[in-house]
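Chemist: Below are the sequence and a predicted model for it; my questions follow.
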Amino acid sequence: MTIGGERFYLTANGREGGTVGEVFIRWGKQGQTSAGLMDIYAVALSVGLQHDVPLLDLVNSRVALCAATVRRGAR
């Protein structure tokens, strides 16, 4: 997928119950800070999903974090 001109590769693996259990995100070149941050975020998502945290809760918490960061930077 492409967001804002940046290309992302998203892979999701399912669990037996039909829910998402693991997420892999590739963005940018390996070794770049942005690629490392996306790797860490994907691991955090996967761990949360494997411990039955709803995907929507994980996504909403990240969106709230980004919004708070943007608001702080706008001061």
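Modeler: That came in fine, so what should we check first?

Chemist: Walking through the protein, point out its strands one by one.
Modeler: 2-3, 6-14, 20-27 (DSSP state E).

Chemist: Would you format those as JSON lines with mean neighbour count, mean pLDDT and distance to Arg62 included?
Modeler: To be clear about C-beta, it is placed using only N, CA and C from the backbone, and glycine gets the same treatment. Output for the strands of the chain, formatted as JSON lines (neighbours: other Cβ atoms under 10 Å; pLDDT from 0 to 100; distance: least, Cβ to Cβ, whole Å):
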{"stretch": "strand 2-3", "mean neighbour count": "8", "mean pLDDT": "76", "distance to Arg62": "14"}
{"stretch": "strand 6-14", "mean neighbour count": "11", "mean pLDDT": "84", "distance to Arg62": "14"}
{"stretch": "strand 20-27", "mean neighbour count": "17", "mean pLDDT": "85", "distance to Arg62": "12"}
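
Chemist: right, so of these, which gets closest to Leu37?
Modeler: Evaluated over the strands of the chain, closeness to Leu37 peaks at strand 20-27, with 8.5 Å, by Cβ to Cβ.

Chemist: who are the neighbours of the closest one, in terms of helices and strands?
Modeler: Judged by 3 or more Cβ pairs under 8 Å, 6 or more residues apart in numbering; DSSP states H and E, the packing partners of strand 20-27 are strand 6-14, helix 33-50.

Chemist: wait, which of these is closest to Arg26?
Modeler: Going by Cβ to Cβ, the one of the helices and strands packed on strand 20-27 nearest Arg26 is strand 6-14, 4.0 Å.

Chemist: what number of residues lie near Leu58?
Modeler: The number of residues packed near Leu58 is 19, by other Cβ atoms under 10 Å.

Chemist: Quick check: it vs Gly5, distance?
Modeler: Distance from Leu58 to Gly5, counting by Cβ to Cβ, to the nearest Å: 26 Å.

Chemist: ok, now Ser61?
Modeler: 26 Å.

Chemist: and those two? which has more neighbours close in?
Modeler: Ser61 (13 against 5).
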